[in-house]
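Got a predicted structure here, sequence first:
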Amino acid sequence: MIPISDINPAKNTPFISRFFIIFSGLVFIFIQPKNNIDLINFFYKYSAIPCEVVSKSPLAANQYYFNKCNLVPDYFIFPDKNILLSIFISLFLHANFIHIVGNLWSFWIFGNNVEDKLGKTRFILFLTLSGFLSVLGHAIINQNNINPIVGASGIVSALMGAYLYLFPNARLLVLVPFGILFPTTIKAKYFMIFWLLSQLLIALQTSNISWEAHISGFIFGFFILKIFNYKRYTF
């Protein structure tokens with residue numbers, strides 16, 4: 001089930017959402033290397049890596065070559081890497097065209113309405129915290145992993161959680177794959193149930209997608225609005 005749009009127009013211009021989407025696109029087009037080997041090196045140099053986040057130190061050569069985080073470091077590959085900053089840089093990096101289009105399209109669907117209700121300042125704080133906590137959640141669960149974390153999926157998941165809290169009955173236009181793709185509408189709460197089930201399937205089938213970041217982001221997005229008792233729109 002692929003979301004296309006929501007039938008829930010925002011009242012105010014979503015400047016922050018637009019900036020995030022445009023900036024991420026510019027990073028992908030103009031800053032990320034296009035050669036696969038250079039791109040991998042770029043990710044290791046600038047993006048968050050669970051082993052580094054948990055140990056609070058850059059990845060060492062022996063840890064990389066033996067794929068073991070718990071080895072005593074011999075020498076650091078990128079000794080000047082800022083581990084805290086890498087968590088936030090990761091949110092603007094994407095593995096490929098499909099990855100960035102999927103994330104930013106979903107960001108737009110859910111982000112403009114959440115920004116509309118939170119306001120600019122709170123929305124920036126929401127994005128910052130949700131991005132940080134989603135990466136941290138993935139790192140804590142995968143402490144020995146040395147693979148870079150890239151993408152805004154954790155933030156998008158937090159926006160989905162917030163959207164579910166604010167607009168549980170808002171209708172989404174989605175494409176449903178039954179041999180062919182056909183459009184239909186569905187309430188947000190039912191789409192989110194489908195999405196959560198898909199994350200469980202992902203967790204069982206592959207380790208290449210950070211379902212931990214998705215789930216931790218989603219939980220944060222829903223409950224932070226619930227804790228602060230934001231008004232719900234149950235139309």
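It's in. Numbering: from 1, shown residues only.

alpha carbons only for contacts and neighbour counts from here, please
Noted.

Remind me what the least confident helix or strand in the chain by mean pLDDT packs against, helices and strands.
Least confident helix or strand of the chain, by mean pLDDT, DSSP states H and E, is helix 188-205 with a mean of 85. Packed against helix 188-205, as judged by 3 or more Cα pairs under 8 Å, 6 or more residues apart in numbering; DSSP states H and E, are the following elements: helix 153-166, strand 171-178, helix 211-227.

ok, and for the shortest one, which residues are buried?
Using 16 or more other Cα atoms under 10 Å as the test for burial, strand 171-178 gives 171-175.

The longest one too?
Buried residues in helix 211-227, defined by neighbour count with 16+ other Cα under 10 Å: 211-222, 224-225.

about what we covered before: can I get the buried residues of strand 171-178 in JSON lines including pLDDT?
Shown next, in JSON lines, are those (pLDDT from 0 to 100):
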{"residue": "Arg171", "pLDDT": "96"}
{"residue": "Leu172", "pLDDT": "96"}
{"residue": "Leu173", "pLDDT": "95"}
{"residue": "Val174", "pLDDT": "93"}
{"residue": "Leu175", "pLDDT": "89"}
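
between those, which is nearest Asp6?
Distance to Asp6, by Cα to Cα, is smallest for Leu172 among the buried residues of strand 171-178, at 4.2 Å.

Grab the most central residue of the chain for me.
Nearest to the mean C-alpha position of the chain, by Cα atoms, centre = their mean, lies Ser153 at 1.9 Å.

which stretches of this structure form helices?
Here the chain has its helices, by DSSP state H, at 15-26, 36-46, 50-55, 61-66, 83-90, 97-118, 120-141, 153-166, 188-205, 211-227.

for the residue lying farthest from the centre of the chain, what are its contacts?
Note on the chain: the largest C-alpha distance from the chain mean falls to Asp74, namely 32.5 Å (Cα atoms, centre = their mean). Listed by Cα atoms under 8 Å, 6 or more residues apart in numbering, the contact set of Asp74 reads 60-62.

Perfect, that will be all.
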